[in-house]
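> quick one: sequence and predicted model below, then my questions.
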Amino acid sequence: MKVAWAGSREAFQVSDRMAKLVANDPVFEKFSKPMLGRKELFKNTLRKAAYAWKLINDLRLTEEEAKWLRHYIDEPNYTDLHWEMFVPAIEGQGTKEQKKKWLPLAQTMQIIGTYAQTELGHGSNVQGLETTATFDRQTDEFVMHSPTLTSSKWWPGGMAKVATHAIVYARLIIDGLFHGVHGFIVQLRSLEDHSPLPGLTLGDIGMKFGHGTYNTMDNGVLRFDHVRIPRNQMLMRVSQVTKEGKYAQSDVPRQLLYGTMVSVRQTIVADASKALSRAVCIATRYSVVRRQFGSRNGGPETQVIDYKTQQSRLFPLLASAYAFRFVGEWLKSLYIDVKQRLEANDFSTLPETHACTAGLKALTTAATADGIEECRKLCGGHGYLISSGLPELFAFYVPACSYEGENVVMMLQVARFLVKTVSNLGYKQPVGTAAYLGRVTPLLQNNCAVQTAEDWLNPDAILEAFEARAARMVIGCGERLAMFENPEEGFAELSIDLVEASLAHCQLITVSVFIQKLNHEIPGNGVKRSLEVLCYVYALFLLHKHQGDFLATGYLTPKQASLANEQLRTLYSKVRPNAIAFVDSFNHMDHYLCSVLGRYDGNVYPKLYEAAWKDPLNDSDIVDGIQQYVQPILKQKLHYAKL
Ligand SMILES: CCCCCCCCC/C=C/C(=O)SCCNC(=O)CCNC(=O)[C@H](O)C(C)(C)COP(=O)(O)OP(=O)(O)OC[C@H]1O[C@@H](n2cnc3c(N)ncnc32)[C@H](O)[C@@H]1OP(=O)(O)O
Ligand SMILES: Cc1cc2nc3c(=O)[nH]c(=O)nc-3n(C[C@H](O)[C@H](O)[C@H](O)COP(=O)(O)OP(=O)(O)OC[C@H]3O[C@@H](n4cnc5c(N)ncnc54)[C@H](O)[C@@H]3O)c2cc1C
């Protein structure tokens, strides 16, 4: 099961090795973080990042090992942006010459980069960005400028205090003409003394949600006052500006400028499964330890994991963690394929890859953020303690619903893809994840054939249900859109329905990938049978949660919906005996979980009690402030005391 979760034996070995390397090194201690002030917290992160970089070089870690090392250090910091966005942006949008110049500097961290796209006034709407890059043919330079307050670059990670360079997205202006938004490599700080270069204002945007979490990252604000950069620092794979000031758009789609975001979105899906699995591991282990009510003639109370309500909240999240793991693997292969095609200037699968990365990013991050909060609640009051590991995990994770594409905006991108697919049905057979829309007739006419709860334990019945639901919702939107004279107005008016149809489409992909994984990639019987139970839990949980769609589209009858719910209850009983085995298969070490409730040894109460005494407030019985502010109240008999 551990190999099934990791994806392969090799992947398991790499991640296991890096998890142990981090867990066994005192430098990467995490429990004290919540007690540190912002400056100490930040300096502590710089120290860890420097130590990690030394480890990577001393131990000659591979790129994969280094990624896992950074993951298990489990602390947002400037290296995230450097490796996940700055380097990929140059790789994806730089010319051969630009890659030859900048990548060696970036890969040896002689420069540290960030990705500066979002501004105070614009994040989702990239074409609305206001920073300008005006070409000066006299000097063969671009003049970078922040013309308004809202054009201030705002949010880029690592930019406030660490990054020496940034990929800055700005409006390209030549002779007063706007030529779209492009990426520019801009040096921010001196490589000598790290001071901001002339014409640049740099700072941190302030504290963020949760204390010890994202405040380890210096998200920055950046303003330009007519800063000059050489012409060859505009990333020119997609478009070029000649010395004469001529703008040329090569024959690649301008959307390649967005390629870095697509790359990160596909990693965010895998990341969702890791974050959700952490929360589920903690909540499952604690639900086995925790006993409440149900004692018979003095016997032990009932383990809360045996309550059906606890199972109905916890096991779908367990199943979702596996579902997101598998769809993340599938998405990575889709992305690798599109990258290879782009090398050969084959753009045929770019629209579908964009729709899948955007939609699955939105689906998995929203479900994971909600799931982590649900796991906190599943642990009762103790889930609210920092030592449970859940509040900090939630605070760390939830911005994923906004960054790299706000989730609704991403689902609207999926809707755009689906509407376009439906409008082409007459003369273009849909392929890939939209292929089911090519089988509209049966999907619109046939209804569900399920007669018993058992009938739901059939992957074909499940797939057909999810295809019919999505097809009927997408086609329904297409038909209503066709009634609008102005398609854009129609799209805006129907955007709520379009987002729901897009979610149905993305859930179909996730269910379908889970089924494919079981049919083609999980060998043997034991693990396969266990994962099959989780696959049915995932699918039938979604069917139950969204049964309104299945009923409203006429595919399901209320009786069939209740049979699905009946089967779900039975499946929970099948998950229960393997619940601990499923979460142990995540192979999360106690250091990574950072949770007294989720300890591998289950020794919760003594460790919870022990952790409490580490709080600085317990350094003394009579804390500072009591004599000054509390005792006077106790001693003065104010007039209220007479009531
Ligand atoms: C491990 C993890 C931690 C890793 C560490 C990371 C930590 C977190 C750091 C966070 C970093 C950030 O947030 S970085 C900033 C992230 N910002 C964003 O994601 C911005 C989101 N906004 C956008 O992407 C864009 O504005 C978008 C919404 C797509 C609209 O763009 P446009 O207006 O240019 O385009 P539209 O008019 O909508 O569409 C025009 C056509 O282009 C297509 N199109 C649009 N985007 C496309 C794309 N990316 N690839 C291909 N095609 C695309 C559309 O489908 C349309 O196709 P047709 O229909 O065929 O014409
Ligand atoms: C922790 C964190 C780290 C970040 N790091 C970086 C970074 O390193 N580099 C970087 O460039 N950026 C970064 N960002 C910024 C991030 O990319 C943006 O916040 C994100 O893209 C969302 O854009 P926005 O803030 O403009 O949201 P908005 O688009 O303003 O969203 C506000 C609301 O408007 C709605 N909305 C917007 N447009 C539409 C529409 N067309 N139709 C319907 N509803 C709409 C949204 O759904 C949302 O509900 C970071 C953000 C966070 C939180």
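Sure thing, it's come through. Ligands and ions are numbered 1, 2, ... in the order given.

> and the residue nearest the centre of the chain, which helix or strand is it part of?
A centroid search over the chain (CA atoms, centre = their mean) returns residue 268, at 3.7 Å, as the residue closest to the centre. Counting by DSSP states H and E, the element that carries residue 268 is helix 259-289.

> where's the following helix or strand past that helix relative to the chain centroid, distance-wise?
Using DSSP H and E, the next helix or strand after helix 259-289 towards the C-terminus is helix 308-343. Counting by CA atoms, centre = their mean, to the nearest Å, helix 308-343 is centred 11 Å from the centre of its parent chain.

> mean confidence score for helix 308-343?
Averaged over helix 308-343, pLDDT sits at 95.

> elements contacting the helix or strand that that helix is followed by?
Reading on from helix 308-343 to the C-terminus, the next helix or strand found by DSSP H and E is helix 350-378. Secondary structure elements in contact with helix 350-378, counted by 3 or more CB pairs under 8 Å, 6 or more residues apart in numbering; DSSP states H and E, are helix 259-289, helix 308-343, helix 390-397, helix 407-423, helix 495-520. Every residue, glycine included, has its C-beta placed from N, CA and C.

> from memory the residue nearest to the centre of the chain sits against residue 366, does it?
No: here residue 268 does not reach residue 366: they are 11.6 Å apart, not a contact under CB atoms under 8 Å.

> can you report how many residues lie near the nearest residue to the residue nearest to the centre of the chain once chain neighbours are set aside?
Once flanking residues are discounted, residue 268 sits nearest to residue 361: 5.1 Å by CB to CB, 6 or more residues apart in numbering. Using other CB atoms under 10 Å, residue 361 is surrounded by 30 other residues.

> ditto for residue 212
Neighbourhood size, residue 212 [other CB under 10 Å]: 22.

> tell me the pLDDT of whichever residue of the chain sits closest to ligand 2.
Ranked by CB to the nearest ligand atom, the top residue of the chain for proximity to ligand 2 is residue 123, at 2.5 Å. In the prediction, the pLDDT value recorded for residue 123 is 98.

> start at 33 instead
Right, with 33 as the first residue, what we last looked at is residue 155.

> which secondary structure elements does the helix holding residue 300 contact?
On a contact count with 3+ CB pairs under 8 Å, 6+ apart, helix 291-321 meets helix 119-125, helix 340-375, helix 382-410, helix 422-429, helix 611-616, helix 622-625.

> is ligand 2 within reach of it?
No: using CB under 6 Å from any ligand atom, helix 291-321 never reaches ligand 2; the gap is at least 8.5 Å.

> sec struct for the residue of the chain closest to ligand 2, please.
Recorded secondary structure, residue 155: coil (DSSP: H, G, I helix; E, B strand; the rest coil).

> who are the contact partners of it?
Taking CB atoms under 8 Å, 6 or more residues apart in numbering as the contact definition, residue 155 lies against 149, 187, 434, 438.

> the third one - how many residues pack around it?
Counted by other CB under 10 Å, the residues lying close to residue 434 total 14.

> distance of the closest residue to it other than its chain neighbours from residue 436?
Nearest-residue entry for residue 434: residue 155, 8.0 Å, with adjacent residues in sequence omitted and distances by CB to CB, 6+ apart. Residue 155 sits 10 Å away from residue 436 when distances are taken as CB to CB, to the nearest Å.

> still on that earlier bit, average pLDDT for the helix holding residue 300?
Here helix 291-321 scores 96 as its mean pLDDT.

> same check on stretch 119-139?
Mean per-residue pLDDT for stretch 119-139: 96.

> got the CA coordinates for that stretch in CSV?
Backbone C-alpha positions of stretch 119-139 (Å, rounded to 0.1, in the frame of the first residue of the first chain) are rendered in CSV as follows:
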residue,chain,number,x,y,z
VAL,A,119,13.6,28.7,-12.8
PRO,A,120,10.7,27.1,-14.7
ALA,A,121,9.7,30.6,-16.1
ILE,A,122,13.2,31.0,-17.7
GLU,A,123,13.1,27.3,-18.9
GLY,A,124,9.7,27.7,-20.5
GLN,A,125,9.8,31.3,-21.8
GLY,A,126,13.5,32.1,-22.3
THR,A,127,15.3,31.8,-25.6
LYS,A,128,18.3,29.5,-26.0
GLU,A,129,20.7,32.4,-25.3
GLN,A,130,18.7,33.6,-22.3
LYS,A,131,18.6,30.1,-20.8
LYS,A,132,22.3,29.7,-21.4
LYS,A,133,23.0,32.9,-19.5
TRP,A,134,20.5,32.8,-16.6
LEU,A,135,19.9,29.1,-15.8
PRO,A,136,23.5,28.3,-14.6
LEU,A,137,23.3,31.3,-12.3
ALA,A,138,19.9,30.3,-11.0
GLN,A,139,20.7,26.6,-10.7
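
> alright, I will stop here.
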